[in-house]
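Asker: next come a sequence and a model predicted from it.
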Amino acid sequence: MATGWFQFLAIAVWYSTRNFVELQVPFESGHEEVVLKTHFGRDFYMVLINAVVCVSIGFIIYGINALCPDEMCQFFGIDPLTIYDEYHLSRLA
């Protein structure tokens, strides 16, 4: 989930600091004139989709852990007794 939140933060920073007046840089390439423009490209949308997927999967795993922690531990190959020991030791303190 942290990966997704940091990607959302990167998108928010880029979106808030970019100039809203579109930059157009004309230059000649061979015999034709080409104009570079700033816009939301495919990389922006790839990061956005990846952030949504990471946060969604994180929430799903968090929900599964809250509902049925033993099955989740079995799926990921974690020894559930270590989790219960930490929980009981923190409750005693």
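Answerer: Received the coordinates, thanks.

Asker: give me the buried positions along the helix or strand harbouring Gly58.
Answerer: In this structure, Gly58 sits in helix 42-67 according to DSSP states H and E. Neighbour counts over helix 42-67 (16 or more other C-beta atoms under 10 Å) mark 51, 54-55 as buried. In this view, the C-beta of every residue, glycine as well, is placed from N, C-alpha and C.

Asker: now, which of those residues sits nearest Gly30?
Answerer: Minimum distance to Gly30 across the buried residues of helix 42-67 is 38.6 Å, recorded for Ala51 (C-beta to C-beta).

Asker: next, the closest residue to that closest one other than its chain neighbours: phi, psi?
Answerer: In space, and not counting its chain neighbours, Ala51 is closest to Gln7: 3.6 Å by C-beta to C-beta, 6 or more residues apart in numbering. Here is the backbone geometry of Gln7 (degrees, to the nearest 10): phi -70, psi -40.

Asker: so who does Gln7 touch?
Answerer: Shown in contact with Gln7 (C-beta atoms under 8 Å, 6 or more residues apart in numbering): 47-48, 50-51, 54.

Asker: now do the contacts for Ile60.
Answerer: When contacts are counted by C-beta under 8 Å, 6+ apart, Ile60 touches no other residue.

Asker: what about it, distance to Trp14?
Answerer: Applying C-beta to C-beta, to the nearest Å, the value for Ile60 to Trp14 is 27 Å.

Asker: next: Phe20.
Answerer: According to C-beta to C-beta, Phe20 stands 13 Å off from Trp14.

Asker: more crowded one of these two?
Answerer: Taking neighbours as other C-beta atoms under 10 Å, Phe20 and Trp14 compare with Trp14 leading, 12 against 5.
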